[in-house]
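Q: The sequence and its predicted three-dimensional model are supplied below.
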Amino acid sequence: MKKIYIAGCGGMLGEAFYKQFSSEFELKCTDIDVNEPWLQYGDFRDYRKYREDVIAFQPDYLFHLGAFTDLEYCETHSDETYITNTLSVENAVYIANELDIPMLYISTAGIFDGKKELYDDWDLPNPLGVYAKSKYVAEVFVQQNAKRYLVCRAGWMMGAGPKKDKKFIQKLMKQIKEGKKELYIVNDKDGTPTYTHDFANNVKALIQNEYWGLYNMVCGGQTSRLEVARELLKILKREDSITITEVESNYFKNIYFAERPPCERLINKKLELRNLNSMRNWKVALNEYVQNYYKGYLSNE
């Protein structure tokens with residue numbers, strides 16, 4: 001059984017990687033937030049300790065998952081963001097190269113400026129804010145310096161349920177649970193949801209085929225924040241009892257002040273050309289996500 005060291009495994013993506021890989025690989029999962037029985041403490045920002053811990057485990061692969069993803073936090077804590085999102089990735093490259101093993105780095109659709117309607121794997125990024133820049137320069141460093149690597153770009157992440165999901169779906173579910181009858185949803189943001197379990201499974205396919213390199217990896221179907229919200233209400237059978245009010249992004253400018261691209265729609269062109277695209281349509285994935293992780297969540301209403 002091959003071994004994988006997964007750094008930054010305490011979040012929503014880490015939960016899916018643990019579930020999808022633990023039966024076929026021996027895992028060591030670490031995070032600064034030890035919130036699961038299968039997690040151990042590890043801080044990948046500390047290069048010396050990160051290196052010692054990985055070398056002691058002698059893995060066949062190094063997966064580097066963790067990052068700051070709150071755009072407003074990143075914008076107001078730029079040094080901390082670059083240490084966590086950029087320099088730590090450089091740490092992973094040094095360690096993986098020393099052990100001569102492949103590494104995985106998670107990038108984001110947010111590295112584009114949103115001026116195009118669709119972005120394939122070969123489109124040139126133009127990051128707008130601190131978060132996007134920190135992720136993009138790390139992506140470039142991996143491509144230029146790692147011996148063998150996977151860089152997989154995710155879209156609007158959804159997964160792990162109310163315990164760990166801090167993104168769009170959970171924010172909407174929380175409002176619904178609180179009894180809100182009107183949801184204010186932006187009508188000027190397009191993108192592609194990415195279900196954590198589909199993402200982890202598609203990474204596994206690339207690993208097994210040893211297709212290294214850079215890959216867009218998002219669910220199928222191009223959509224918008226507005227359409228995702230409408231589909232969620234449809235799944236919950238709340239479309240008649242909850243109203244969606246369309247607003248522009250400026251409506252939330254005091255809360256979400258970090259610049260975001262108007263369009264983050266990716267297409268998995270390389271995965272398709274290699275006949276390895278197993279990412280399902282976002283509506284199918286969203287429905288499965290809600291059924292698996294939110295059963296009983298709204299029942300106290």
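A: Perfect, thanks for sending it.
Q: Which secondary structure state does the closest residue to Lys283 other than its chain neighbours sit in?
A: If the residues on either side of it in the chain are set aside, Lys283 comes closest to Glu231, at 5.7 Å by CB to CB, 6 or more residues apart in numbering. Placement of C-beta: from N, CA and C, glycine included. Taken by DSSP: H, G, I helix; E, B strand; the rest coil, the conformation at Glu231 corresponds to helix.
Q: In this structure Glu231 contacts Leu286, no?
A: Yes - Glu231 is in contact with Leu286 according to CB atoms under 8 Å; the separation is 6.2 Å.
Q: Which one of those two is surrounded by more residues?
A: Leu286 (22 against 18; other CB atoms under 10 Å).
Q: Correct me if wrong: the more buried one contacts Phe168.
A: No - with contact defined as CB under 8 Å, Leu286 does not reach Phe168; the gap is 10.5 Å.
Q: residues shared between the contacts of those two?
A: Between them, Leu286 and Phe168 share the neighbouring residues Met158, Val228, with contact defined by CB atoms under 8 Å, 6 or more residues apart in numbering.
Q: So what's the residue count around Tyr18?
A: Tyr18 has 18 neighbouring residues, counting by other CB under 10 Å.
Q: Distance of Met12 relative to Glu259?
A: With distances taken as CB to CB, to the nearest Å, Met12 is found 24 Å from Glu259.
Q: For these two, indicate the residue with more neighbours.
A: A side-by-side neighbour count of Met12 and Glu259, using other CB under 10 Å, places Met12 first with 20 against 16.
Q: show me what contacts the more buried one?
A: In this structure, Met12 makes contact with Met157, Met158, Gly159, Ala160, Lys164, Asp165, Lys166, Lys167, Thr196, judged by CB under 8 Å, 6+ apart.
Q: from those, which ones fall inside helices?
A: Thr196 (DSSP state H).
Q: For this protein, which segments are assigned as helices?
A: Secondary structure of the chain, counting by DSSP H: helices at 12-21, 47-57, 71-76, 78-82, 88-99, 130-145, 168-177, 196-209, 225-235, 269-273, 282-293.
Q: Now do the buried residues in the second one.
A: Spelled out, that is helix 47-57. For helix 47-57, a neighbour-count test (16 or more other CB atoms under 10 Å) marks Tyr47, Tyr50, Arg51, Asp53, Val54, Phe57 as buried.
Q: cool, and the third one?
A: Neighbour counts over helix 71-76 (16+ other CB under 10 Å) mark Leu71, Cys74 as buried.
Q: how distant is that helix from the center of its chain?
A: Computed by CA atoms, centre = their mean, to the nearest Å, the separation of helix 71-76 from the middle of its chain amounts to 17 Å.
Q: taking the mean pLDDT, what do you get for that helix?
A: Regarding helix 71-76, the rounded mean pLDDT is 96.
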